[in-house]
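Asker: the amino acid sequence is not available; the structure is as follows:
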Ligand SMILES: Nc1ncnc2c1ncn2[C@@H]1O[C@H](COP(=O)(O)OP(=O)(O)OP(=O)(O)O)[C@@H](O)[C@H]1O
């Protein structure tokens, strides 16, 4: 395990974000994830799950509260330092995968290392690691030099996970990663993702509508919607 199990990868405390053009606010009183821990965010469509991932990943900025990665509060850093820490410490599996169509499978997986020197330094041999991750995701090595546009949706999903995992980031965020899969493929995919996170000590925060995924996580958070907005509570 690369990450120290006693380390806290993600800390959110007293966080609030007001959606533009309205009175509705997203609040997160407390959410922490230790190394190797897996949690799921569950809530109705439109409750704010993607908004919370966007706050953690830096697409949006909170109006108040604390958001810390590896114990380092992001709000107190310069924008450049914040971006660097996120690139080093976070792997993201987007709902639409966001693979670059003009790059090969291998180039897509290697991409996060280009922008994160510390993450790059954790990988001895990037090409070998790419091949290892591809195999860990049960994909054939012959896919390495193929264009991602030639892959099935399920294959693209696993390439997106390999890209998030490369360089063992402290935290993996995954937005509806199983939405395109049938129940058997979903369970297999989740087992692969969970075992890779566990081996590295990466924490995993998973967004899903699917209550069946609860069996692979340690904790669940529900997004409670009211007239004034959404509150994220453990359940
Ligand atoms: N740029 C924006 N300006 C104003 N409101 C927004 C904006 N983006 C999202 N919202 C609102 O924020 C709320 C939460 O949206 P969000 O996409 O976070 O929900 P979600 O739980 O991820 O939904 P889904 O499960 O359907 O993907 C919705 O009511 C949406 O209309």
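Answerer: Thanks, I have it. Everything numeric in this text was worked out from a predicted model, so none of it was measured.
Asker: how about the residues of this structure by the ligand?
Answerer: 19, 20, 21, 43, 45, 46, 47, 48, 49, 50, 51 (CB under 6 Å from any ligand atom). Just so you know, the C-beta spots here come from the backbone N, C-alpha and C atoms, and that holds for glycine as well.
Asker: which of the residues you listed sit farthest apart?
Answerer: Among those, the pair separated by the greatest distance (CB to CB) is 21 and 43, at 20.7 Å.
Asker: the more surrounded of the two?
Answerer: Of the pair residue 21 and residue 43, residue 43 is the one with more neighbours under other CB atoms under 10 Å, namely 19 against 6.
Asker: so who does residue 39 touch?
Answerer: The neighbours of residue 39, taking CB atoms under 8 Å, 6 or more residues apart in numbering as the test, are 31, 33, 203, 204, 205, 206, 217, 218, 219, 220, 221.
Asker: for stretch 97-111, buried residues please.
Answerer: 97, 99, 104, 105, 106, 107, 108, 109, 110 (16 or more other CB atoms under 10 Å).
Asker: now do the strands in this protein.
Answerer: 8-18, 25-34, 38-42, 64-69, 72-73, 90-93, 171-175, 203-207, 219-226, 229-234 (DSSP state E).
Asker: between those strands, which one is closest to residue 161.
Answerer: Comparing the strands of the chain against residue 161 with CB to CB, the closest turns out to be strand 90-93 (5.5 Å).
Asker: what mean pLDDT does that closest one get?
Answerer: For strand 90-93, mean pLDDT is 94.
Asker: does anything pack onto the worst-scoring helix or strand of the chain on mean pLDDT? Which helices or strands?
Answerer: None of the helices or strands of the chain scores lower by mean pLDDT, DSSP states H and E than helix 183-200, at a mean of 88. Applying 3 or more CB pairs under 8 Å, 6 or more residues apart in numbering; DSSP states H and E, one finds that helix 183-200 contacts helix 126-136, helix 153-165, strand 171-175, strand 203-207.
Asker: any idea how far residue 121 is from the ligand?
Answerer: As judged by CB to the nearest ligand atom, to the nearest Å, residue 121 and the ligand stand 34 Å apart.
Asker: which one of the buried residues of stretch 97-111 is nearest residue 153?
Answerer: Nearest member of the buried residues of stretch 97-111 to residue 153, counting by CB to CB, is residue 97, at 8.4 Å.
Asker: surely residue 98 meets residue 160?
Answerer: Yes - with contact defined as CB atoms under 8 Å, residue 98 counts as touching residue 160 (7.3 Å).
Asker: below-threshold pLDDT in the chain: ranges please.
Answerer: Counting by pLDDT under 70, the chain shows low-confidence ranges at 1.
Asker: leaving out chain neighbours, which residue sits closest to the residue most central in space within it?
Answerer: Residue closest to the mean C-alpha point of the chain, counted by CA atoms, centre = their mean, is residue 173 at 1.2 Å. Of all residues not flanking residue 173 in the chain, residue 92 sits nearest, at 4.8 Å (CB to CB, 6 or more residues apart in numbering).
Asker: repeat that for residue 54.
Answerer: residue 60 (4.4 Å).
Asker: distance of the one you found from residue 18?
Answerer: 11 Å (CB to CB, to the nearest Å).
Asker: so how far is stretch 13-23 from its chain's centroid?
Answerer: 22 Å (CA atoms, centre = their mean, to the nearest Å).
Asker: before we move on, what about stretch 76-85?
Answerer: Remark: stretch 76-85 is offset 19 Å from the chain centroid, using CA atoms, centre = their mean.
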